[in-house]
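[1] have a look at this prediction, sequence included:
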Amino acid sequence: MALDFCAIDFETANSFRGSPCAVGLARVVDGRVVDTHRRLMRPPDGFDEFDAFNVMLHGITRKMVAHEPRFGDILPEIVAFADGLPFVAHNAAFDMGVIRDACGASEIAWPQCSYACTLVLSRLTWRLLSYSLPWVAEAAGVGLGHHHEPEADAVAAGSIMVAIAREHGAGSLEELLSATGVRLGSLTPGDWFGCLRKDFLHFVPVANQDADPNNPLYGREIVFTGALSSMTRETAWLVVAAVGARPCRNVTKGTSILVVGYQDAGVLRPGACLSGKARRAEELRAEGRAIEIMDEADFLQHVKA
């Protein structure tokens, strides 16, 4: 096996992930960059406003893409360039989120692909003050060029992956993932799962059966959406389990409480104020399910009760 993959980097027109205006690609074969590609595009119709902040970062304007094809027309070109190789990105959660959200905005199916994340893997390789692309590139001895230029960022991500593999003595992406205990992410037309450490996949703690049954959270099934300001998601799960409740990843018919933290506008459609989990909770409530929605302050009060 050889170290073969296709590095990818998107730039977006605004804070909505599904507004790609440019993509950079770098095909890596046997640990060497053999081909690169840069493509401008118009974001999906209705999501193509250019925010001044984004333009300041990448320098791409609405006028520059005015005569370019839209994302839905460019996606087959991206998939063809990868030619069946897994994608690699620095913070792949963002770049794969761009594909999912832009497909949704374009009303087309998600493509089928696998992917790995140099952000996840760099945290298992070096101890750094920051794991942003410039910091990781420096640690890997990789020249970055112009940050937020998509082709340069894709080449940097690809070169970082090669450096990470070298650090772990891995000759292929499969060997690297095995050595670090990381699962390859996957995207299909009907489902997706992220590139994560395998031990994280089984982290959700079990409810403490010896907890005080008088606590208002005892015996209830609790899901979180958004970021909490007082603790990480993993800590929140431990807190929930400690008081005898059951932390869960997704909203289902068995969910009792949805705790809503800060909602990053970058993962919501423009004008939207609810995450996918919150929308699902509202749908189940409309069906008669008794799901309580509370904010972080209410959650903390219930924990202390």
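    Yep, that arrived. Numbering: from 1, shown residues only.
[2] low-confidence ranges in the chain?
    Along the chain, segments meeting pLDDT under 70 span 1, 199-203, 263-274, 305.
[3] secondary structure class for the spatially most distant residue from the centre of it?
    The C-alpha centroid of the chain is most remote from Asn214, which lies 37.9 Å away (Cα atoms, centre = their mean). Three-state assignment for Asn214 (DSSP: H, G, I helix; E, B strand; the rest coil): coil.
[4] quick one: neighbours of the closest residue to Asp153 other than its chain neighbours, just the number.
    Spatial nearest neighbour of Asp153, excluding adjacent residues (Cβ to Cβ, 6 or more residues apart in numbering): Asp9 at 3.9 Å. C-beta: built from backbone N, CA, C; applies to glycine. Close neighbours of Asp9, defined as other Cβ atoms under 10 Å, add up to 29.
[5] go on, Phe16?
    Residues within reach of Phe16, counting by other Cβ under 10 Å, total 25.
[6] correct me, but it touches Asp101?
    Yes. At 6.9 Å, Phe16 counts as touching Asp101 under the criterion of Cβ atoms under 8 Å.
[7] I'd like to know how far the residue farthest from the centre of the chain sits from Val243.
    Distance of Asn214 to Val243, given as Cβ to Cβ, to the nearest Å: 10 Å.
[8] please enumerate the helices of the stretch 201-305 of the chain.
    For the stretch 201-305 of the chain, helices defined by DSSP state H, counting those that start in this stretch occupy the ranges 233-242, 276-286, 296-304.
[9] of all those, which one comes closest to Ile222?
    helix 233-242 (5.1 Å; Cβ to Cβ).
[10] and the angle from that closest one to helix 296-304?
    Helix 233-242 runs at 40 degrees relative to helix 296-304, counting by axes from the mean of the first three to the mean of the last three Cα atoms, to 10 degrees.
[11] ok, and for helix 233-242, which residues are buried?
    The neighbour-count check on helix 233-242 (16 or more other Cβ atoms under 10 Å) flags 236-237, 239-241 as buried.
[12] closest to Thr255 among those?
    Taking these together and measuring to Thr255 by Cβ to Cβ, the closest member is Val240, at 12.5 Å.
[13] contacting residues for the closest one?
    With Cβ atoms under 8 Å, 6 or more residues apart in numbering as the criterion, the residues that contact Val240 are 207, 217, 222, 246-247, 303.
[14] swap in Val243?
    Neighbouring residues of Val243 by Cβ under 8 Å, 6+ apart: 208, 211-212, 215, 217-218, 303.
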